[in-house]
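>>> build me a model:
(2 chains)
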Amino acid sequence: AQSVAQPEDQVNVAEGNPLTVKCTYSVSGNPYLFWYVQYPNRGLQFLLKYITGDNLVKGSYGFEAEFNKSQTSFHLKKPSALVSDSALYFCAVRDINTGGFKTIFGAGTRLFVKA
Amino acid sequence: DTAVSQTPKYLVTQMGNDKSIKCEQNLGHDTMYWYKQDSKKFLKIMFSYNNKELIINETVPNRFSPKSPDKAHLNLHINSLELGDSAVYFCASSQDGLSYEQYFGPGTRLTVT
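The predicted structure is shown next:
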């Protein structure tokens, strides 16, 4: 079965510091991995994805993610956090057993960036 | 020019009532979804539709009945509402295939009293 895990419920970081939000995955076959962000009372917004190719993926708002096959991880990173980055972040994987019509989301990690 | 829209944004109703949520996307996508987000923010797929055909029904009670009149619309009708149905329901759409991201609507907060 395909799954993703976000081991941290919450991440706290000071503005200007680098941030990392962790995600590990378990899939059969090639992983199709995504990061989404949810601001309060809003729908999810796509940040970036890993399908194939370079292990370092760049996305929206200065975020990037590093795909690590040996560690089955897909951590979200940003070199310098902003207060406005405070939100709920979801890692997700497309379920290849359903042809991608089902996406499995992690439990979410709440990011707090303190000024 | 909202990409994925849902109505209503808020829905407060009593147990036993029937209600509908409407979703429309103007992105030209062939695939649409319904998700349920509970109070702990867990997000779970309920249904996936591709070209108006039901592809995924993720063990949802049959009180929930999605309907896709065309590729741009996916509505959700809920019969005999229960307290446990209180949640935020999100509609989303995407292009076909494993490699495409999803676009989410703003959500409908359903409160059953």
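
>>> touching chain B at all, stretch A:106-115?
Yes: Stretch A:106-115 comes into contact with chain B (CB under 8 Å from any CB of the partner chain), by way of A:107-108. (C-beta placed from N, C-alpha, C; glycine too.)

>>> then that stretch to CSV, C-alphas only?
C-alpha atoms of stretch A:106-115 as CSV (Å, rounded to 0.1, in the frame of the first residue of the first chain):
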residue,chain,number,x,y,z
GLY,A,106,0.0,12.8,5.2
ALA,A,107,-1.4,14.1,8.5
GLY,A,108,0.0,17.5,7.9
THR,A,109,2.6,19.6,9.7
ARG,A,110,1.8,23.0,11.1
LEU,A,111,4.6,25.5,10.5
PHE,A,112,5.0,28.4,12.8
VAL,A,113,7.4,31.2,11.8
LYS,A,114,8.1,33.6,14.6
ALA,A,115,9.1,37.2,13.8
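
>>> contacting residues around it?
With CB atoms under 8 Å, 6 or more residues apart in numbering or on different chains as the test, stretch A:106-115 has contacts from A:4-6, A:8-15, A:19, A:21-23, A:38, A:81-92, B:40-43.

>>> return the residues of chain A in contact with chain B.
Residues of chain A lying near chain B (CB under 8 Å from any CB): A:32, A:34, A:36, A:38, A:41-46, A:49, A:51, A:88, A:90, A:94, A:96, A:98-105, A:107-108.

>>> pull out the buried members of these.
Neighbour-count burial (16 or more other CB atoms under 10 Å in any protein chain shown) is assigned, among the residues of chain A next to chain B, to A:32, A:34, A:36, A:38, A:43-46, A:49, A:51, A:88, A:90, A:94, A:96, A:98, A:100-105, A:107-108.
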